[in-house]
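**Student:** this one's sequence-less:
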């Protein structure tokens, strides 16, 4: 998906080239087939080749994938998800990121108390 979003459109060969041999042609085609079945990409014909395009903007696709991850691996718990992300961080978070997290928590508390 990253290659398709970055390029706007890509063939299997384009993707394989960017992955620098980390995946076989058939593995990439299988992954693209799954993504097409999930309707996150579509394809067009360019001669004999398929050219793949994203069906939604990168941020919307990321949000959809994140929602699925939270539901699947963290039983829908946003707190458990954030906790896991923070625990796996290899380095200390910069103060500006910690400030942003505090701001988001404060905003969530305020919205909750208004309900």
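**Tutor:** Arrived safely. In this text the structure is predicted, and so the values were computed from the model without any measurement.
**Student:** Which helix or which strand is home to the most centrally placed residue in the chain?
**Tutor:** Using CA atoms, centre = their mean, the residue of the chain that lies closest to the mean C-alpha position is residue 62, 3.8 Å off. Under the criterion of DSSP states H and E, residue 62 resides in helix 58-74.
**Student:** list the buried ones in that helix?
**Tutor:** Residues of helix 58-74 classed as buried: 61, 70 (neighbour count, 16 or more other CB atoms under 10 Å). Yep, even glycine has a C-beta here, placed from its N, CA and C like the rest.
**Student:** what's the offset of it from the middle of its chain?
**Tutor:** Average the C-alpha atoms of helix 58-74, do the same for its chain, and the two points are 7 Å apart (CA atoms, centre = their mean, to the nearest Å).
**Student:** before we move on, back to that, check the spacing between the residue nearest to the centre of the chain and residue 93 real quick.
**Tutor:** Residue 62 sits 20 Å away from residue 93 when distances are taken as CB to CB, to the nearest Å.
**Student:** which residues in the chain form strands?
**Tutor:** With strands called from DSSP state E, the chain shows them at 41-46, 49-54.
**Student:** Please identify the deepest-packed of these.
**Tutor:** Comparing the strands of the chain on average neighbours per residue, with mean count of other CB atoms under 10 Å, the densest one is strand 49-54 at a mean of 17.
**Student:** relative orientation of that strand and helix 58-74 in degrees?
**Tutor:** 80 degrees (axes from the mean of the first three to the mean of the last three CA atoms, to 10 degrees).
**Student:** what about strand 49-54, distance to the chain center?
**Tutor:** Distance of strand 49-54 from the chain centroid (CA atoms, centre = their mean) equals 19 Å.
**Student:** out of all of them, which helix in the protein is the longest?
**Tutor:** Scanning the chain for the helix with the most residues, using DSSP state H, yields helix 95-114.
**Student:** so how far is residue 105 from residue 112?
**Tutor:** According to CB to CB, residue 112 and residue 105 sit 11 Å apart.
**Student:** Between those two, point out the one with more neighbours.
**Tutor:** Neighbours were counted for residue 112 and for residue 105 using other CB atoms under 10 Å; residue 105 has more, 12 against 8.
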